[in-house]
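**Student:** Please find the sequence and the predicted model below.
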Amino acid sequence: DAGVIQSPRHEVTEMGQEVTLRCKPISGHDYLFWYRQTMMRGLELLIYFNNNVPIDDSGMPEDRFSAKMPNASFSTLKIQPSEPRDSAVYFCASSAQGAYEQYFGPGTRLTVT
Amino acid sequence: SQKIEQNSEALNIQEGKTATLTCNYTNYSPAYLQWYRQDPGRGPVFLLLIRENEKEKRKERLKVTFDTTLKQSLFHITASQPADSATYLCALDRNNAGNNRKLIWGLGTSLAVNP
């Protein structure tokens, strides 16, 4: 298995622009998680899905952030408009039903100037 | 406030020694606690999970203990090797509330094993 796939690996954009991050979970996994990691705050859960349905989005910072999972093999995290404080590494992870360990992708390093 | 604390200072040890990392938490009653390894520029990698009713778990050179009274987990790497150098993260669920998969993460402890 290829593991969790994320794209792009790096994104540099200007303040105010729309950013879309993409994730393909491990085939057969029912849970998908979006995280943000910074030095100061560590890993923070933004939202997670179970069987393509959002379960907990309490970590989504504000209305500028949105996430979708149109099918079991694809999810997007969108930031519109982006701000410099959104600069961080964004990780996608997936997990199987009945198992609690999470498998992370390589992350997307986002820089907003 | 609810939080997880890990050794904030980097841990430097000599190859062959045992590394011990600490994870303390407050105001949670987790059903399980997990340890992950993270290398620079990469995503965390799952290592071990220990449940609230388990005192100790082992996997090869790794050992995890879980003391729900002390609200503490210890993570040991025996016979450490330079390849064990990484940041180690602990994570726990907030409480055993149904099938909630939300994890709360510590900031991690950086381990350096010197040859």
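**Tutor:** Yep, it's here.
**Student:** can you tell me the residue of chain B closest to chain A?
**Tutor:** Nearest residue of chain B to chain A (Cβ to the nearest Cβ) works out as B:G43 at 3.1 Å. C-beta here means a position set from N, CA and C on the backbone, and glycine is covered the same way.
**Student:** which residues touch that residue?
**Tutor:** The contact partners of B:G43, taken as Cβ atoms under 8 Å, 6 or more residues apart in numbering or on different chains, are A:4, A:91, A:93, A:104-107.
**Student:** Quickly find the element holding it.
**Tutor:** In this structure, B:G43 sits in neither a helix nor a strand according to DSSP states H and E.
**Student:** Just give the closest residue to it, not the sequence neighbours.
**Tutor:** A:F104 (3.1 Å; Cβ to Cβ, 6 or more residues apart in numbering or on different chains).
**Student:** Helix, strand, or coil at the most centrally placed residue in chain A?
**Tutor:** Nearest to the geometric centre of chain A sits A:W34, at 3.2 Å (Cα atoms, centre = their mean). State at A:W34, reduced to three classes by DSSP: H, G, I helix; E, B strand; the rest coil: strand.
**Student:** can you pull up the bridge partners for it?
**Tutor:** Applying DSSP bridges to A:W34 gives these bridge partners: A:I47, A:C92.
**Student:** From A:D56, how far out is it?
**Tutor:** Using Cβ to Cβ, to the nearest Å, A:W34 is found at 11 Å from A:D56.
**Student:** repeat for B:I77
**Tutor:** Distance from B:I77 to A:D56, counting by Cβ to Cβ: 33 Å.
**Student:** Also A:L21?
**Tutor:** Distance from A:L21 to A:D56, by Cβ to Cβ: 19 Å.
**Student:** which residues pair with the residue in chain A that chain B sits nearest to across the strands?
**Tutor:** The nearest approach of chain A to chain B comes at A:F104, 3.1 Å away (Cβ to the nearest Cβ). Here A:F104 sits in beta bridges with A:A93, as judged by DSSP bridges.
**Student:** what sits in contact with each of A:W34 and A:D56?
**Tutor:** A:45, A:47-48.
**Student:** quick one: which of the residues you listed has the most company?
**Tutor:** The member of those surrounded by the most neighbours (other Cβ atoms under 10 Å in any protein chain shown) is A:Y48, with 25 neighbours in all.
**Student:** dump the residue contacts of that one.
**Tutor:** Shown in contact with A:Y48 (Cβ under 8 Å, 6+ apart): A:31-34, A:54-56, B:101-102.
**Student:** Recalculate using a threshold of 7 Å.
**Tutor:** A:31-33, A:55-56, B:101-102 (Cβ atoms under 7 Å, 6 or more residues apart in numbering or on different chains).
**Student:** what about the closest residue to it other than its chain neighbours, how many neighbours?
**Tutor:** Spatially, and ignoring its direct neighbours in sequence, A:Y48 is nearest to A:F33 (4.4 Å; Cβ to Cβ, 6+ apart). If you count neighbours by other Cβ under 10 Å, A:F33 ends up with 28.
**Student:** was I right about A:F33 contacting A:E44?
**Tutor:** No: judged on Cβ atoms under 7 Å, A:F33 makes no contact with A:E44 at a distance of 10.9 Å.
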